[in-house]
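Chemist: A structural model of the following input is requested.
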Amino acid sequence: MKEYLKLFRVKHYIKNLLIFLPLFFSQSIFNKDLLFLDLLGFIIFSITSSIIYIINDIMDIEKDKLHPIKKNRPLASGKISIKQAKICEIFLVIIFILLNIITSYFTHKITSIIIPIIYFIINILYSKKLKEIPIVDVAIISFGFLLRVYYGSVLIDVMLSNWLYLTIMFGAFYLGFGKRRNEIIQNGIKSRKSLKLYNKEFLDKNMYVCLSLAVMSYSMWCIVPNVVANVGNNYLIYTVPLIMIILQMYSLIIENGSHGDPIEVVLSHKSIIFLILLYIVILFLIIYVL
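Modeler: Predicted coordinates:
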């Protein structure tokens, strides 16, 4: 079972929590109907990402066998056969179709089906060719984060501030450039075709430009009049230092030799987990209690 969980990349489901952002910030987290829709959306996106990971692992199995880290993946290590992986893939596709039908029935929106399909198609194109094109590869990763948030908005019919979308976009670029940066340092340019056209200096500069833009956009989101009015107080601005500390700590870990995968960085460092949980608690108090 452990190997199948690795095959599905279950720990990467954390990214799909972005679907709940519109629900959380619209002060509707206790609305059972809307929470149910977001839970369906979370499962759908998680299943979609697992299907994509399985397809990628089947396509890249020979390359992964030569990679110092990826060689330990279930398919590359031989712990799960290609036939077994394809059976899992078919099973997940069936669940994906059924859940999308259920979701569209409750939302009465064709977009609730279209968005996961767009995410799937974009990621397949990424796996086949687009990941080899510098900048485009990171842009698609960023687009995936934005799609998750937009999907959450569509499901509950609530739109977020443009400043928050910009925060997520710049933040995703920051994470993407940081990952590419450390892939070059740890594994060299041979581990990925796009890395041949990147260099550490370029990635360093653009990584921190995106970090600055993310903090700026988040700060603007905290003070725009409609957000302050919806929340009912102006305390969100006091969360900016905590966001800066979290991102600076993440940068410190990246600079100290991490492989750069955002999920691995977060889950392997208790200090970041603590700060993120603290941030969530403070946000909850500001939005729902004060």
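Chemist: Helices along this structure, start to end?
Modeler: If DSSP state H is used as the criterion, the helices of the chain fall at 2-8, 21-25, 32-59, 61-65, 82-107, 111-128, 136-156, 162-187, 200-223, 225-231, 240-255, 262-267, 270-284.
Chemist: Could you export the fourth one as PDB, CA atoms only?
Modeler: Same thing as helix 61-65. Listed next in PDB are the C-alpha coordinates belonging to helix 61-65 (Å, rounded to 0.1, in the frame of the first residue of the first chain):
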ATOM      1  CA  ILE A  61      10.600   5.300 -16.300                       C
ATOM      2  CA  GLU A  62      13.900   4.800 -18.100                       C
ATOM      3  CA  LYS A  63      15.100   8.400 -17.300                       C
ATOM      4  CA  ASP A  64      14.000   8.000 -13.700                       C
ATOM      5  CA  LYS A  65      16.100   4.900 -13.300                       C
END
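Chemist: what about Lys128, distance to Ile254?
Modeler: Lys128 sits 28 Å away from Ile254, going by C-beta to C-beta, to the nearest Å. Heads up, the C-betas are built off the backbone N, CA and C, glycines and all.
Chemist: Who has more neighbours out of the two?
Modeler: Ile254 (22 against 12; other C-beta atoms under 10 Å).
Chemist: what's near enough to touch the closest residue to the more buried one other than its chain neighbours?
Modeler: Spatial nearest neighbour of Ile254, chain neighbours left out: Gly178 (4.9 Å); criterion: C-beta to C-beta, 6 or more residues apart in numbering. Contacts of Gly178 were listed using C-beta atoms under 8 Å, 6 or more residues apart in numbering, and they are Leu203, Met207, Tyr250, Ser251, Ile254, Gly260, Pro262.
Chemist: What about Ala116, how many residues nearby?
Modeler: If you look again at residue 116, you'll see it is Pro, not Ala. Applying other C-beta under 10 Å, we find 22 other residues in the vicinity of Pro116.
Chemist: For it, report the pLDDT, please.
Modeler: On pLDDT, Pro116 comes in at 93.
Chemist: I figured it was touching Asn100, is that so?
Modeler: Yes - applying C-beta atoms under 8 Å as the test, Pro116 and Asn100 come out as touching, 6.6 Å apart.
Chemist: any common contacting residues for these two?
Modeler: A shared contact of Pro116 and Asn100, defined by C-beta under 8 Å, 6+ apart, is any residue touching both; here these are Ile44.
Chemist: quick revisit: sort out which of the contacts of Gly178 are buried, if you could.
Modeler: A residue is treated as buried here by neighbour count (16 or more other C-beta atoms under 10 Å); on that basis the buried members of the contacts of Gly178 are Leu203, Met207, Tyr250, Ile254, Gly260, Pro262.
Chemist: got the contact list for stretch 217-236?
Modeler: Applying C-beta under 8 Å, 6+ apart, the set of residues contacting stretch 217-236 from outside is 25-27, 161, 163-164, 166-167, 170, 237, 239-240, 243, 283, 286-287, 290.
Chemist: Give me the distance between that stretch and the centre of its chain.
Modeler: When C-alpha coordinates are averaged (C-alpha atoms, centre = their mean, to the nearest Å), stretch 217-236 and its chain have centres 24 Å apart.
Chemist: so how far is the first residue of that stretch from its last?
Modeler: Its start and end residues considered, stretch 217-236 measures 13 Å (C-alpha to C-alpha, to the nearest Å).
Chemist: Pull out the buried residues from the contacts of stretch 217-236.
Modeler: The neighbour count (16+ other C-beta under 10 Å) marks 25-26, 161, 163-164, 166-167, 170, 239-240, 243, 283, 286-287 as buried among the contacts of stretch 217-236.
Chemist: low-scoring stretches of this structure, by residue?
Modeler: Residues of the chain that meet the criterion pLDDT under 70 lie in 187-194, 257-260.
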